[in-house]
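>>> Okay, predicted coordinates and the sequence, questions at the end:
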Amino acid sequence: MKIEITRIGILENDLPPQSRIEYEGPATLGGFLGFIADEFGPGLIGNLLDRDQLKPHIVMLLNGRSIRALPEGLKTPIKDGDHIILSIMMDGG
Amino acid sequence: MPRLKVNENICVGCLACELVCSFQQTGEFNLKRSGIRILMEGMFPGEARVCRQCLPAPCMQACPVTAIQERDAIVELDREKCSGCGLCVEACPYQAIWIDPQDDRARKCNLCHGSPECVQYCPKNAIVLEKNPET
Amino acid sequence: MAYGYSGKILFVDLSSGDHQDQELSETLIKQDVGGRGWGGFLLNEMAPPGVDPFEPPNVLLFLTGPITGTLAPGGSKYVVVTKSPVSGGFCDSYSSGRLALEMKAAGYDGLAIIGKAKEPSILSINNQKVEILPVPDLWGKDTFQTEKLLKDKYGEEVGVACIGPAGENLVAFASINSDYFRQAARGGVGAVMGSKHLKAIVVKGTGGVRCYDGRRLMEMVREYKTRLGGSDHAQRRMKYGTPLTMNITNSLGMLPTRNFQESVFPEATGEIDGDGVLKDVVRHRGCIGCLIACSKISRVEKGEFAGDILEGPEYETLAMLGSNLGVANRAAVIRANLLCDRLGLDTISAGNALGFLMECFEKGLMRGQPGVTRELKFGDYRYGIELLPQIAHRQGIGALLADGVRPLARRIGAAAEEFAMHVKGLEFPAYDPRAGYGIALAYAVSPRGACHRRAWPPRIELLGNLPPDTIEGKPEIVKRMFDENCIFHSLLVCDFPCKMVPLEVGEFEDYLHAITGIQFSERDLWTMAERVETRIRLYNLREGLSRGDDTLPWRVFEEGLPGGPRKGARISREEFDRMLSRYYQLRGWDEKGVPLPGTLQKLGIPSS
């Protein structure tokens, strides 16, 4: 499946601000995150995840919705054409 | 003889060093009682001024009451002896010694007698303790 | 008052030339702590009910807090509090600047200025020596020239706050500037200063801030610095500064675009967003005493604006003078930013007003307006830039914009009022409130008007665990965020370090004790926030504001977002009303938003 990914404040050396990725792994947000980690360096997951939960300062959105507001969290299914945003938390400005 | 060196290109002009130094030397936060100063060049942070630990030290030579001596490889100012005449201020080629406006005596960097505090607090690690090339 | 606080407020009457030191009372310290808290109390006490903001009896307050001047995080800010000529109500406008430290060095926790000088003057404070000095040669000069001339005369180691031509001409969004590039920008505080014939304040002091337990304070700062260094979050936020916010708002579809007609601006990517801004950054910069140092110095290398250099640009400016105007040209936004700084104009309101004018032209509403010969179109940054000095000098079409969007919309007529994006006359900053009910509520109930600095609901309802399109939980989080920021803005610290590192309110118990020797409990601080918000509410009610003013423009209720992830989103009036009522309830106010007697009693506010 093709996934649109926007990265904000992280992964600057690995991905352009917006790109489309061909993804074949488990069709969940967690699966996709694992794929990103494998593709772009094993250390990466440590920066984004904390015991299988997103670190408090990391934000992940699926089609504009924060995964923290999705009941299945990282187990939420994804499909072809979905848009994922990976970002650091913002607060104030 | 060690001395402080500031990398002016990465200095962000936050003056944390001035606040730390004044606290270290006087017990209060006071930008006018610091032994290190970051000057503004127009609208942006510019030159850093801090004692270069000169050898021989012009301030030492100018002082009429021998308040400035070299001790343990540091140019030490004895503030008790200082008469506040200001000749050291005139003599310093780097303008890195000032008259404290509260007690009217000279004040300058004393390297915190060994472990400079400003080095620890600078958010950009722009201040380093370096070996004085003059020694 | 040996520790932390300097212990005095300086009262100045520009009309008579009299000035007087007043001891900082125990009550002000214990009940209201500092900054915004004091503002809420003193404005009510000093400004006569119904006073015209431009008349001499209006008070212009410059306030610090107990943290100010120490190395505790975020301690170089001051707040200007006054009755706003825009909303007719309470206005608190924050800035960083050496002024904050020099005030304390001179022995003052705050300045309270009333009256009007007979001729353009400066207020000069040198330790205990207070003078009101006429400065006919400075009137008319821009803020950069003014500050430079004052520093030539008084030395570099002084605090300066000054106005530019905009303040002199009572422009509704005139700012008060410090250290060249910092402003207390919103709500027309610069205009109030101009109405007092006060061109600048220059403060110099030889005192310092002495702490009760300085050693403990430095221990905490060291620990904080270590935490900061180990915070991946803080390091990334510091790298980009506020411009990264645009990446978020654009991706989430809440970025003001073409006067809030749209909410996604694809051209922004890599140009005026976090990644774009870094391209022009030559150096990083920080406020005095702050270890975060999140601001940037940008220099334009090529093109028609080559050579421009400033501290900035920040998110709000990039959005309101960029995407909001259909402009993705970073150098043009930088030029506009510089002009606003020099002229003494709030970039947020200036951008909002220009965007409003652009839409008026687009809809053909400017035909028939006298003196209007040239159309201002979205994307036309050149003409927009030309208009900024015209606004500051009330010339040409600039004169139409100089009082802000609300009066102009009224003048133009019904259709224009639908898309004049303001609350209580204060122009929207750079978040489209249709994106979430929390943001909508925050904009509507902010005492000074549409404001993003009291609460930042996107953290919870767009980036966190609540959905944006419902009202459940929103009054609670808005109240909580308001109260938290009220605490920070009374201490008076910048809330950015607090959010990045992070620093909790509870930690400020320790900072306060180390600095002042006074034991404020965390509970005291949260109660203080509730007290301050209710006090400010009482003031606004006294000045004629009501529930009817806690509302939003027609566009927000009636036009759904045309695109982006929140496509179709708008705010339902019924849901909004329910949410507002719930907010009032949480505050202990009645259905009209009037504080209940029980609330006043609980918070220790005397009922009048």
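Alright, I've got the coordinates.
>>> what's around C:Met523, how many residues?
Met isn't right for residue C:523; it's Arg. Using other Cβ atoms under 10 Å in any protein chain shown, C:Arg523 has 9 other residues around it. C-beta: built from backbone N, CA, C; applies to glycine.
>>> next one: C:Ile272
Every residue meeting other Cβ under 10 Å relative to C:Ile272 is counted, giving 29.
>>> which helix in chain A runs the most residues?
Identified as the longest helix of chain A according to DSSP state H is helix A:29-40.
>>> which residues are in contact with that one?
Contacts to helix A:29-40, defined as Cβ atoms under 8 Å, 6 or more residues apart in numbering or on different chains, come from residues A:3, A:5, A:11, A:14-15, A:23, A:25-26, A:44-45, A:48-49, A:52, A:60, A:62, A:67, A:73-76, A:78, A:84, A:86.
>>> check those residues against chain B, which are close?
The subset of these within reach of chain B, by Cβ under 8 Å from any Cβ of the partner chain, is empty.
>>> Narrow those residues to those in strands?
A:3, A:5, A:49, A:60, A:62, A:84, A:86 (DSSP state E).
>>> The first one: how many residues sit nearby?
In this case it means A:Ile3. Neighbour count for A:Ile3, taken as other Cβ under 10 Å: 20.
>>> Contact partners for it?
A:Ile3 sits next to A:20-21, A:23, A:32, A:78, A:80-84 when contact means Cβ under 8 Å, 6+ apart.
>>> cool, the third one as well?
With contacts taken as Cβ under 8 Å, 6+ apart, A:Leu49 has the following neighbours: A:33, A:55, A:58.
>>> Need the pLDDT of the first one.
Here, the pLDDT recorded for A:Leu33 equals 87.
>>> same check, this time on the second one
According to the model's per-residue confidence, A:Lys55 sits at a pLDDT of 87.
>>> Can you tell me how far it is from chain B?
Noted for A:Lys55: a distance of 23 Å to chain B, by Cβ to the nearest Cβ, to the nearest Å.
>>> Contact partners for C:Asp549?
C:87, C:423-424, C:540.
>>> And C:Leu10, by the same measure?
C:19-22, C:108, C:110-112, C:125, C:130.
>>> What is the neighbour count of residue 71?
The chain I'm using is chain A. Counted by other Cβ under 10 Å, the residues lying close to A:Pro71 total 7.
>>> if you could check chain B rather than the one you did, that'd help
11.
>>> and what of C:Val501?
Neighbour count of C:Val501, defined by other Cβ under 10 Å: 21.
>>> Give me the pLDDT for it.
The pLDDT attached to C:Val501 in the predicted structure is 86.
>>> I'd guessed it sits against C:Gly229; true?
No. Contact criterion Cβ atoms under 8 Å: C:Val501 and C:Gly229 do not qualify, at 10.1 Å.
>>> picking that back up, could you identify the most distant pair in the contacts of C:Asp549?
Spatial extent of the contacts of C:Asp549 (Cβ to Cβ) is set by the pair C:Val423 and C:Asn540 at 12.3 Å.
>>> gap between C:Tyr180 and chain A?
21 Å.
>>> With respect to chain B, which of the contacts of C:Asp549 is nearest?
Closest approach to chain B among those (Cβ to the nearest Cβ): C:Ser87, at 32.1 Å.
>>> and that closest one, how many neighbours does it have?
C:Ser87 has 27 neighbours, counted by other Cβ under 10 Å.
>>> so which helix or strand takes in it?
Element membership for C:Ser87, per DSSP states H and E: none, as it lies in no helix or strand.
>>> can you pull the contacts of it?
With contacts defined as Cβ under 8 Å, 6+ apart, C:Ser87 is in contact with C:187, C:424-426, C:448-449, C:545, C:549.
>>> Counting only helices, which of those residues make the cut?
Short answer: those have none in helices (DSSP H).
>>> Name the member of the residues you listed that has the highest neighbour count.
For the contacts of C:Ser87, the largest number of neighbours (other Cβ under 10 Å) sits with C:Gly187, at 34 neighbours.
>>> Who's the closest spatial neighbour of that one, skipping the chain neighbours?
Excluding the flanking residues, the one nearest C:Gly187 by Cβ to Cβ, 6 or more residues apart in numbering or on different chains is C:Cys91, at 3.5 Å.
>>> That neighbour belongs to a strand?
Yes. Judged by DSSP: H, G, I helix; E, B strand; the rest coil, C:Cys91 forms part of a strand.
>>> any idea how far C:Val51 is from it?
Distance, C:Cys91 to C:Val51, using Cβ to Cβ, to the nearest Å: 13 Å.
>>> between those two, which one's more packed in?
Taking other Cβ under 10 Å, C:Cys91 and C:Val51 do not tie; C:Cys91 has more neighbours (29 against 17).
>>> I'd say C:Gly560 and C:Ile571 touch.
No. Using Cβ under 8 Å, C:Gly560 is not in contact with C:Ile571, being 9.8 Å away.
>>> if I look at the two, which residues touch both of them?
Common neighbours of C:Gly560 and C:Ile571, using Cβ under 8 Å, 6+ apart, are C:Arg434.
>>> and the gap between the residue nearest to C:Pro468 when sequence neighbours are not counted and chain B?
Spatially, and ignoring its direct neighbours in sequence, C:Pro468 is nearest to C:Gly436 (3.6 Å; Cβ to Cβ, 6+ apart). Relative to chain B, C:Gly436 is positioned 34 Å away (Cβ to the nearest Cβ).
>>> can you list residues touching both of C:Cys91 and C:Val51?
Common neighbours of C:Cys91 and C:Val51 (Cβ under 8 Å, 6+ apart) are C:Lys83.
>>> What about residue 47, how many residues nearby?
Reading this off chain A. Using other Cβ under 10 Å, A:Asn47 has 16 other residues around it.
>>> actually chain B
14.
>>> who in chain A is up against chain C?
Neighbours of chain C within chain A, by Cβ under 8 Å from any Cβ: A:6, A:8-10, A:12, A:17-18, A:47, A:55-57, A:59, A:61, A:63-66, A:68-69, A:83, A:85, A:87-93.
>>> The nearest residue to C:Ala2 once chain neighbours are set aside pairs with what?
Once flanking residues are discounted, C:Ala2 sits nearest to C:Arg210: 6.6 Å by Cβ to Cβ, 6+ apart. For C:Arg210, the beta-bridge partners under DSSP bridges are B:Glu28.
>>> Contact partners for C:Arg210?
With Cβ under 8 Å, 6+ apart, C:Arg210 has these contacts: B:27-29, C:2-4.
>>> and the end-to-end length of stretch A:75-86?
Start-to-end span of stretch A:75-86 (Cα to Cα, to the nearest Å) is 16 Å.
>>> residues making contact with that stretch?
Contacts with stretch A:75-86, where a contact means Cβ under 8 Å, 6+ apart, come from A:1-8, A:10-11, A:27-32, A:36, A:48, A:58-64, A:67, A:70, C:251, C:565.
>>> for chain B, longest helix please?
helix B:16-26.
>>> As a markdown table, the contacts of C:Asp549 with pLDDT would be great.
Formatted as a markdown table, the contacts of C:Asp549 follow (pLDDT from 0 to 100):
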| residue | pLDDT |
| --- | --- |
| C:Ser87 | 98 |
| C:Val423 | 98 |
| C:Lys424 | 98 |
| C:Asn540 | 98 |
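>>> And the pLDDT for C:Phe265?
Value for C:Phe265, per-residue pLDDT: 98.
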